[in-house]
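**Student:** give me coordinates for this.
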Amino acid sequence: MKCFIYSYAKGECGEPSVKESMSFEKMWLGRPRKGIRIRPSENTGGEEVPRRLIRIGDLSTDPIGLITTDVREAEPEKTRRSRDPVVAAGDLVIITAGSTSRCAVADERAEGCVISQNLVAVTLQPGYSPYYVCWYLNSPYGQQQFAQRSTGSVVTRSISLKGLEELEIALPPPEMRDEVYALFRSFYEHERTLAEERDARTRVLNEIVRRSEEGSL
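**Tutor:** As a prediction, this is how the structure comes out:
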């Protein structure tokens, strides 16, 4: 892998290898969980447990696949039932309806969050990297497949679970897979740390402005 990175930096990528790919469905562990429409007036009965909620706007627009660090707490009346779709760390969260389909990786902060309407959560089998698959789905190659299997207008398009099943994920060669997956995970973690630092500094700067406005700085 280090040789590839060095050669790529020099513009010497070597001979192309045979492409290996797999249908997205064959990577799944269980079935995808579809997001739900949460209504404030919904009667949840005796099973209600307040939970955090992931909405479409919480997914970053870059290929890295971060979910915002400020995942909102569900309001008291927006509660979770035992059958509601929740995510675990390492799950892929995918937008299935909207102007653009994109993917993110849930980290430990998103553990147990409920996903809203037009999102699905997918757990991958051991041996596949959610960080690599997420980047691939957000890349031009993944986006082209989303577009080919989506229906609707230019403004609002949607992809069915069958369409997700049919996506083809190009995989690194088996002998390079572990190194490639580690590279994508390390970059994800690096960017997540930067995002956390940026959010923390933003809160401090906003507080300075607020106190300046109130004359209490």
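**Student:** need the next SSE after the helix or strand of the chain with the lowest mean pLDDT, C-terminal direction.
**Tutor:** When each helix and strand of the chain is scored by mean pLDDT, DSSP states H and E, strand 49-50 comes last, with a mean of 42. Scanning forward in sequence from strand 49-50, with DSSP states H and E defining helices and strands, the next element found is strand 52-54.
**Student:** that next one - what's its average pLDDT?
**Tutor:** Computed over strand 52-54, the mean pLDDT rounds to 87.
**Student:** stretch 189-197 too?
**Tutor:** The predicted model gives stretch 189-197 an average pLDDT of 92.
**Student:** buried ones in that stretch?
**Tutor:** Buried residues in stretch 189-197, defined by neighbour count with 16 or more other C-beta atoms under 10 Å: R192, A195. From N, CA and C alone the C-beta is placed, and that goes for glycine too.
**Student:** helix or strand for I94, which one?
**Tutor:** Under the criterion of DSSP H and E, I94 resides in strand 92-95.
**Student:** paired strands for that strand, with orientation please.
**Tutor:** Based on DSSP bridges, the strands next to strand 92-95 in the sheet, each with its direction, are strand 103-105 (antiparallel), strand 119-122 (antiparallel).
**Student:** out of these, which comes closest to P172?
**Tutor:** With C-beta to C-beta as the criterion, P172 lies closest to strand 103-105 of the strands paired with strand 92-95, at 17.6 Å.
**Student:** quick check, distance from that closest one to the centre of its chain.
**Tutor:** Taking C-alpha atoms, centre = their mean, to the nearest Å, one finds strand 103-105 lying 1 Å from the centre of the chain it belongs to.
**Student:** and stretch 203-214, by the same measure?
**Tutor:** 32 Å.
**Student:** can you tell me what sits against that stretch?
**Tutor:** The contact list for stretch 203-214 (C-beta atoms under 8 Å, 6 or more residues apart in numbering) reads L217.
**Student:** show the average pLDDT along that stretch.
**Tutor:** Stretch 203-214 comes out at a mean pLDDT of 94.
**Student:** great, nothing more from me.
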